[in-house]
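Undergrad: I need the structure of the sequence given here:
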Amino acid sequence: MEDLKTILAIAGGIILVVTTLLGLGRSYLKNQELIERAKILDENRELSARLRDNEKAHEEEKRTLSARLDACELQREELDERISLIGRAGGAALALKSTLDAELRGLMRSFQASGGSIYVPVRGPRGNVRGLAFLCIEPFTRENQRLKSQIIPLRSHAGRCFTTGEPRAVANVDESGDHYEEADAIANYRPSSTLEVALRQDGDIIGVLQLLREKGEPSFLETHVPKVATLAHDLAKRVFEATRDIDSAKLLGLAVEDFAVEGTVMVFDLSRSARLFEELASSHALLLLNEFFEEMCQLAFAAGGTVDTYMGDGALLRFNVPKALADHELAAIRTAIEMGDAFTRLRTERWLSYGPEFADMHLRVGIATGPLIRANLGHSQVQHLTVLGHPISVAAALCDSASRDRNVILASEETVAAIRGRVICHAPDAADLAKALSFTPAAHEIEGIRAG
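TA: Numbering: from 1, shown residues only. Next up is the predicted model:
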C-alpha cells in the first residue's frame, strides 16, 4: 500500500513536471510567435516605407521627366515657329524677329516684368485700324502661343495706348475699365499691373510696347514710364522695319492671307436643279451633278481660277487668289461665258436624253471684284482655306437676282469698270436686281467679249 502511494506520488510529480514543461513550452512558442509577428510587422512597415519612398522618388522622377519633356516640347514648338518663319519670310526676317524678341526680353529684365508684348495694328479693307496683333510675346509658353493668334480689340490697355498715343502705368488692372480679361484666360496669366508705351516712326504710331507684372509682384510706377519710353525708341525702328510692307508683315505669324488682295469671285448655280432628284434616282442625279461640276470647274482651272467652295448645285470660284492673274476680271467673265455655252451643250446633248423635264434648267452667274482676304476658316481640327470679303456678298446677290429662265451672267460695277470697253454688256432692269443693288452701285448683264 505504501508502495502504491509512493508510485502515485511519483506519477503525480511527473505529471506536474510534464504539465509545467508543457506550459513553459506553450508560453515559449507563443512568445516566439509574437516575436515572429512583430518581426514580420516591422519588415512590412519597413517595406511599406521603402515602397512609399520609391513611389515618392518615382513621382519626383516623373515630374522631373515631365518638366523636361514640356521644356523639350516648348523648344520644339519654338523651333517649329522659327522654321515656319523662315519659310514665310526668309532668314533675314528670322534674324530681325529674333532681335525684337531679345530686346523685349531685355526690357522685361530691366524693369522686372514677368510678361511683355509688342503689338502692331491690324487694318480693315478701308485702312482703318480694327485691332492689334502680337508681333512678339514673352515668355514663350504654349498658352502665349495660343494668345498670339488672337486679335486684341482697341478697347484694351494696349488699344487705348495705340489710340491716344499716351504712355501710362496702370497700378491695378482690376480697377481699370480697359482691361481685356479674355487674354488672361487664354494665356493663363493674371496681370496685376501694366505699362504701355506707344511706338512711333516719323510721328506715326506703328505699335505698342506693353510690360506686365503678375499678381503678387509690385506695381509699375509712373516714374518707370519715361525710362521705358527712352529705351523703346530704337525698338520702334525695328518694328517699323518688320511691318512696313506685306512681305515683312509675314512676321506677324498671320501671313499674307491676312492682307487684302484685289481679286474677282464668281458664284454660279443651276436653276431648278431639284428636278434632277425628283425625276431620277439619287445616284443618277448625283452623277449628272458631278458631270456638271467637272465641266464648269475645268473651264475655271484652264483660266487660272480656283474652286473655293461647293454650295449645293453651285460653287464659289476665285481669280487672282492665290494664283496671280493680270486680267482677273476679264478671265472670270470669259470663263462665265464659256461655262454658259458648255452647260447648254451638256443639257442638250446629254441631259435631255433622260427626259424633257430638264429643258428649262439654266446657269446663273454672279461676278464681283474687290479686296479679298485669304483665311483658314472653321474649327481648329477641320479648317478650310477660303476667301472673305464684300465681293463675295455682291457675287452671291447677283447670282440670286439673275433670271431662272435663261442662262444669265451678271457682273458688278467694280468688275466691269476695270475692263470697260472690252466687254459687251447692258444694264438690266433695276426691278429684277432685287437686293443686289444694295451691295453694288450698278450691275451689268454680260453678253460677250469684244473682238481684239
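Undergrad: remind me what the top strand by length along the chain packs against, helices and strands.
TA: Of all segments of type strand in the chain, defined using DSSP state E, the longest is strand 363-379. For strand 363-379, the packing partners by 3 or more Cβ pairs under 8 Å, 6 or more residues apart in numbering; DSSP states H and E come out as strand 261-270, helix 328-349, strand 382-388, helix 390-401, strand 408-412, helix 413-418. Using the backbone N, CA and C atoms, a C-beta is placed for each residue, glycine as well.
Undergrad: in it, which residues are buried?
TA: By neighbour count, and taking 16 or more other Cβ atoms under 10 Å as the criterion, the buried residues in strand 363-379 are 363-375.
Undergrad: wait, which of those residues is closest to Asn31?
TA: Nearest to Asn31 among the buried residues of strand 363-379 is Ala375, at 85.3 Å by Cβ to Cβ.
Undergrad: from what I can see that closest one touches His384, true?
TA: No: with contact defined as Cβ atoms under 8 Å, Ala375 does not reach His384; the gap is 9.3 Å.
Undergrad: quick one: the helices in this protein?
TA: Residue ranges of the helices in the chain, as given by DSSP state H, are 2-89, 91-110, 142-148, 157-164, 181-187, 224-243, 274-279, 282-302, 328-349, 390-401, 413-418.
Undergrad: and those helices as a markdown table, adding mean neighbour count and mean pLDDT?
TA: Shown next, in a markdown table, are the helices of the chain (neighbours: other Cβ atoms under 10 Å; pLDDT from 0 to 100):
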| stretch | mean neighbour count | mean pLDDT |
| --- | --- | --- |
| helix 2-89 | 11 | 71 |
| helix 91-110 | 16 | 81 |
| helix 142-148 | 17 | 76 |
| helix 157-164 | 21 | 92 |
| helix 181-187 | 15 | 81 |
| helix 224-243 | 17 | 88 |
| helix 274-279 | 15 | 93 |
| helix 282-302 | 15 | 95 |
| helix 328-349 | 20 | 96 |
| helix 390-401 | 24 | 92 |
| helix 413-418 | 20 | 92 |
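Undergrad: these: which one's closest to Leu209?
TA: Closest approach to Leu209 among these is made by helix 224-243 (5.0 Å; Cβ to Cβ).
Undergrad: re earlier: tell me which of the helices and strands packed on strand 363-379 lies nearest to Pro218.
TA: Proximity to Pro218, assessed across those by Cβ to Cβ, is greatest for strand 382-388 (42.8 Å).
Undergrad: buried sites along the closest one?
TA: 386-387.
Undergrad: please name every helix or strand in contact with it.
TA: Helices and strands in packing contact with strand 382-388 are listed as strand 306-311, strand 363-379; criterion 3+ Cβ pairs under 8 Å, 6+ apart.
Undergrad: ok, the first one: who's next to it in the sheet?
TA: It refers to strand 306-311. Strand 306-311 has its sheet partners listed here by DSSP bridges as strand 314-319 (antiparallel).
Undergrad: and the strand it pairs with with strand 261-270, angle?
TA: 150 degrees (axes from the mean of the first three to the mean of the last three Cα atoms, to 10 degrees).
Undergrad: now strand 314-319 against helix 328-349, angle please.
TA: Here strand 314-319 runs at an angle of 150 degrees relative to helix 328-349 (the same axes, to 10 degrees).
Undergrad: relative to helix 390-401, how tilted is strand 314-319?
TA: Computed by the same axes, to 10 degrees, the angle separating strand 314-319 from helix 390-401 equals 140 degrees.
Undergrad: got the contact list for strand 314-319?
TA: By Cβ atoms under 8 Å, 6 or more residues apart in numbering, the residues outside strand 314-319 that reach it are 263-270, 293, 296-297, 300, 303-309, 325, 328-329, 331-332, 335, 372, 387, 392, 395, 399.
Undergrad: at 6 Å instead, please
TA: Strand 314-319 has contacts (Cβ atoms under 6 Å, 6 or more residues apart in numbering) with 263-269, 300, 305-309, 325, 328, 331-332, 387.
Undergrad: filter those down to the buried ones, PyMOL style.
TA: To isolate the buried ones among the contacts of strand 314-319 in PyMOL, judged by 16+ other Cβ under 10 Å, type:
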select buried, resi 263+264+265+266+267+268+269+300+305+306+308+325+328+331+332+387
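Undergrad: one step back: including distance to Ala102, could the helices and strands packed on strand 382-388 go into TSV?
TA: Putting these into TSV (distance: least, Cβ to Cβ, whole Å) gives the following:
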stretch	distance to Ala102
strand 306-311	40
strand 363-379	30
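Undergrad: Phe162: which of these is closest?
TA: Checking these against Phe162 by Cβ to Cβ gives strand 363-379 as the closest, at 21.4 Å.
Undergrad: ok so, going back, just put the buried residues of strand 363-379 in a markdown table and tack on distance to Ala236.
TA: Converted to a markdown table, the buried residues of strand 363-379 look like this (distance: Cβ to Cβ, whole Å):
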| residue | distance to Ala236 |
| --- | --- |
| Leu363 | 55 |
| Arg364 | 53 |
| Val365 | 49 |
| Gly366 | 46 |
| Ile367 | 44 |
| Ala368 | 39 |
| Thr369 | 37 |
| Gly370 | 33 |
| Pro371 | 28 |
| Leu372 | 31 |
| Ile373 | 27 |
| Arg374 | 29 |
| Ala375 | 29 |
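Undergrad: just the residues you listed now: which is nearest Leu154?
TA: Among the buried residues of strand 363-379, and counting by Cβ to Cβ, the member closest to Leu154 is Ile373, at 19.3 Å.
Undergrad: wait, the closest one sits on Leu388?
TA: Yes: taking Cβ atoms under 6 Å as the definition, Ile373 is a contact partner of Leu388 at 4.9 Å.
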